[in-house]
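1. Test case, fold it:
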Amino acid sequence: MTTYKTEFQRSIEQPDAFWAEQARRIPWFTPPSTILEYDEQDHARWFVDGELNICHAALDHHVDNGRGEQPAVFWDSPVSGGKRTLSYREMRDEVARVAGALRGLGVEKGDRVVIYMPMVPEALMAMYACARLGAVHSVVFGGFAPHELAVRIDDAKPKVVMAASCGVEIDRVIPYKPILDEAVAQSEHQPDACMILQRERQTATLGTRDRDWAELVAEAEPADCVPVKGSDPLYVLYTSGTTGKPKGVVRDTGGYAVALHYSMETIYDVAPGDVFFSASDVGWVVGHSYIVYAPLLRGCTTVVYEGKPVKTPDAGAFWRLISEYRVKSFFTAPTAFRAIKKEDPDGKLLDQYDISCLQALFLAGERLDPPTFHWLDDLLDVPVIDHWWQTETGWPIAANLQGLEPMPTKAGSATVPVPGFDVRILDREGERAKPMEQGSVVIKQPLPPGCLTGIWGDPQRFHSAYMAAFPGYYLTGDGGYFDEDGYLFIMGRTDDVINVAGHRLSTGEMEEVVGAHPAVAECAVIGIHDALKGQVPVGLVIPKDGFEGDEAALEEELIDRVRRQIGPVACFKQVLVVNRLPKTRSGKILRKLLRNIADGKEYGVPSTIDDPASLEDVHEAMKERSVGASHEARPL
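-> Numbering: from 1, shown residues only. This next block holds a predicted model:
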């Protein structure tokens, strides 16, 4: 770890010099002379006096330097039957025209634009077009309900909304325009115009506020890149599961560009011309960072996939994409591979494809459970890398840095902090924890470039939510520990630590034990209220496809496993076999919601849920088995 330790130490001890060096590797209009300064609340601000445009850095710069004919985007949509390749020159020219269309609608530097689109190339064009003008985009996941879209419109106050006529799923078409119309009707803020991309699967009837995307772009004068300050906002992204007033994470431009460029080389080990595939959505932070901006900043080709890991047409969808587009580095969420493992437990579909181009598989978005890690590690001949980060940070906090110094992997660990992130484990008194001792995972100030610079319209909320708990540190909200080798283990959100008769226990550890059973495809362990012990754990498991065993016997085996490996103190005595678990569209299991149901609390169906019916199924299973006070829970 010599190379890593040297670079990491330099990033912590000399952050100004370290990040000044990285900043010189991207194209600025005016290079920054002030690298790091602090605002009135003592929060870090990077490259405040530099001037750049991230669209110029990601598109124009490459065209100007001879990369214009290289593919910038491979679009693949098995749900619609469409495929498309766009070169850097084609992307630049089309983005310039889309930016011109926005300018024709009155959009200028500093204005906001809400983008409500599916996984089509035009979604990337919309984001880059906003950046080209210096406008602030706010992407809302396509298909979000009208109310959720309305509260984001009211918070961001966009001049224009850019949307598609529909989204296409495996088995259905989702009309976006009626959702948008209802959202605008509910909003206090009224956008000046809505720019609608008509898709062949379902066109939309346009109203007086609406403008046809194709017509506007065809008539538009291409727009040049507008210089912005390094500290100017690039986008606002609302965190998933928002209730009440939405929490819009604000990302700056200069710090984000520098951090993403650094991460592509140092973490993902990709060079200009390589193909990078992130199986996410532009509505999430992974899509913003590693579908839209980072690959093109680095001069790579990005794969934009409109489909699922399974059923499009089968569980070999990812292998087909990797083989067809010669992907070097692939990134997705663990839940995607749990779905694949459930349908193809032996990985037989992989035999149909040549994925010799693949050099590393990265997973994030939730903890990579050891059973899934081992399944992938056995199946593939490349490093399987769990790395950890958040919407708020915008890029990885901890990883196995393939472009700096690859290290041996450890199941359940995100390996080591990325240079720039001074990660600490603190106990409840704010004291630094010893190796193997669990506590709150925090990051010592200054946060490196690329992290959030605030909450849109609410600077005090930024401080109270993230900085107030441990002064001088950013609170991640996750619990974890360092082992004796300096490897970081993230055990889940701190509210996933339960207190059983005075003993603090991690439900993440119990999930490891349950998930390691050969019959289990996926699982969740939650802590529920208990009058005697305070809290007790309950397991929910999905068996693998083809499981024909006795469910009662499986439950007994799982209870015995936890008792033997963690101990009777865990008081793990109840397991429910279910068909599906409620998850967000980004793949995170809605554990807090499950706890509320089990504890008999009223619950709402969040806008981020992928399959609302899964919530009803689990609720009914809990009532049938008399889990906690689930019989008293009522949907709001």
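
2. Flag the shaky bits of the stretch 101-250 of the chain, pLDDT-wise.
-> The stretch 101-250 of the chain contains residues with pLDDT under 70 at 240-245.

3. For it, which segments are assigned as strands?
-> Here the stretch 101-250 of the chain has its strands, by DSSP state E, counting those that start in this stretch, at 112-116, 136-139, 160-164, 166-168, 173-175, 193-197, 210-212, 228-229, 233-238, 248-252.

4. right, so these: which one is the most enclosed?
-> Highest mean neighbour count among the strands of the stretch 101-250 of the chain (mean count of other CB atoms under 10 Å): strand 160-164, with a mean of 28. Using the backbone N, CA and C atoms, a C-beta is placed for each residue, glycine as well.

5. what angle separates that strand from strand 193-197?
-> Taking axes from the mean of the first three to the mean of the last three CA atoms, to 10 degrees, one finds strand 160-164 and strand 193-197 inclined to each other by 20 degrees.

6. And the contacts of strand 160-164?
-> 102, 105-107, 111, 113-118, 120, 122-123, 126, 142, 153, 176-177, 180, 184, 191-199, 213 (CB atoms under 8 Å, 6 or more residues apart in numbering).

7. Now with 7 Å, please.
-> The contact list for strand 160-164 (CB atoms under 7 Å, 6 or more residues apart in numbering) reads 102, 105, 107, 113-118, 120, 126, 176, 180, 191-197, 199.

8. just to revisit the earlier point, now tabulate the strands of the stretch 101-250 of the chain in JSON lines and tack on distance to V514.
-> Output for the strands of the stretch 101-250 of the chain, formatted as JSON lines (distance: least, CB to CB, whole Å):
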{"stretch": "strand 112-116", "distance to V514": "38"}
{"stretch": "strand 136-139", "distance to V514": "36"}
{"stretch": "strand 160-164", "distance to V514": "41"}
{"stretch": "strand 166-168", "distance to V514": "35"}
{"stretch": "strand 173-175", "distance to V514": "34"}
{"stretch": "strand 193-197", "distance to V514": "44"}
{"stretch": "strand 210-212", "distance to V514": "50"}
{"stretch": "strand 228-229", "distance to V514": "49"}
{"stretch": "strand 233-238", "distance to V514": "33"}
{"stretch": "strand 248-252", "distance to V514": "33"}
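
9. Quick check: which of the ones you listed is nearest to P146?
-> P146 lies closest, by CB to CB, to one member of the strands of the stretch 101-250 of the chain: strand 112-116, at 10.8 Å.

10. Just checking: what are the partner strands of that closest one?
-> Strand 112-116 pairs in its sheet with strand 136-139 (parallel), strand 160-164 (parallel), by DSSP bridges.

11. what number of residues lie near G546?
-> Neighbour count of G546, defined by other CB atoms under 10 Å: 9.

12. go on, L36?
-> L36 is flanked by 19 other residues according to other CB under 10 Å.

13. I'd like the average pLDDT over stretch 302-321.
-> What stretch 302-321 shows for mean pLDDT is 96.

14. And the contacts of it?
-> For stretch 302-321, contacts defined as CB under 7 Å, 6+ apart pick out 73-80, 118-121, 124, 168, 170, 275-277, 279, 291, 295-296, 325, 327, 336, 339-340, 343-344, 349-350, 352-353, 355.

15. Now do the buried residues in it.
-> By 16 or more other CB atoms under 10 Å, the buried positions in stretch 302-321 come out as 302-312, 315-321.

16. Using PDB, write out every CA atom in it.
-> Provided in PDB are the C-alpha atoms of stretch 302-321 (Å, rounded to 0.1, in the frame of the first residue of the first chain):
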ATOM      1  CA  THR A 302     -20.400   5.800 -22.100                       C
ATOM      2  CA  VAL A 303     -23.100   3.100 -22.500                       C
ATOM      3  CA  VAL A 304     -26.600   4.400 -21.900                       C
ATOM      4  CA  TYR A 305     -28.900   1.400 -21.200                       C
ATOM      5  CA  GLU A 306     -32.700   1.600 -21.200                       C
ATOM      6  CA  GLY A 307     -33.600  -1.800 -19.700                       C
ATOM      7  CA  LYS A 308     -33.300  -4.000 -16.700                       C
ATOM      8  CA  PRO A 309     -30.700  -6.600 -15.500                       C
ATOM      9  CA  VAL A 310     -33.300  -9.400 -16.000                       C
ATOM     10  CA  LYS A 311     -36.200 -10.000 -18.400                       C
ATOM     11  CA  THR A 312     -34.700  -7.800 -21.200                       C
ATOM     12  CA  PRO A 313     -34.900 -10.500 -22.400                       C
ATOM     13  CA  ASP A 314     -33.100 -12.600 -19.700                       C
ATOM     14  CA  ALA A 315     -30.600 -12.500 -16.900                       C
ATOM     15  CA  GLY A 316     -27.800 -12.400 -19.500                       C
ATOM     16  CA  ALA A 317     -28.500  -8.700 -20.400                       C
ATOM     17  CA  PHE A 318     -25.500  -7.200 -18.800                       C
ATOM     18  CA  TRP A 319     -23.100  -9.900 -20.200                       C
ATOM     19  CA  ARG A 320     -24.500  -9.100 -23.700                       C
ATOM     20  CA  LEU A 321     -23.900  -5.400 -23.300                       C
END
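
17. and the residue in the chain sticking out farthest from the centre, helix, strand or coil?
-> Computed with CA atoms, centre = their mean, the residue of the chain farthest from its C-alpha average is L532, at 38.6 Å. The three-state assignment at L532 reads coil, by DSSP: H, G, I helix; E, B strand; the rest coil.

18. What are the neighbouring residues in contact with it?
-> If a contact means CB under 7 Å, 6+ apart, then L532 has no contacts.

19. Likewise for V423?
-> Applying CB under 7 Å, 6+ apart, we find V423 in contact with I397, A398, P417, V441, I443, L488.

20. wait, the third one sits on A398?
-> To tie it back to what came earlier, the one meant is P417. Yes: the pair P417 and A398 qualifies as a contact (CB atoms under 7 Å) at a distance of 5.1 Å.

21. now for the strands of the stretch 101-250 of the chain, which one comes closest to S87?
-> Here strand 193-197 is closest among these (CB to CB), at 20.6 Å.

22. what comes into contact with the closest one?
-> Residues contacting strand 193-197 (CB under 7 Å, 6+ apart): 101, 105, 117, 122, 160-165, 177, 180, 204, 206, 209-213, 216.

23. give me the number of residues near Q359?
-> Q359, neighbours per other CB under 10 Å, totals 17.

24. repeat for the one 4 residues further on
-> L363 has 24 neighbours, counted by other CB under 10 Å.

25. And E108, by the same measure?
-> The number of residues packed around E108, counting by other CB under 10 Å, is 12.

26. so how far is L102 from it?
-> Distance from E108 to L102, counting by CB to CB, to the nearest Å: 9 Å.

27. tell me, what's touching those two both at once?
-> Counting by CB under 7 Å, 6+ apart, the common neighbours of E108 and L102 are L133.
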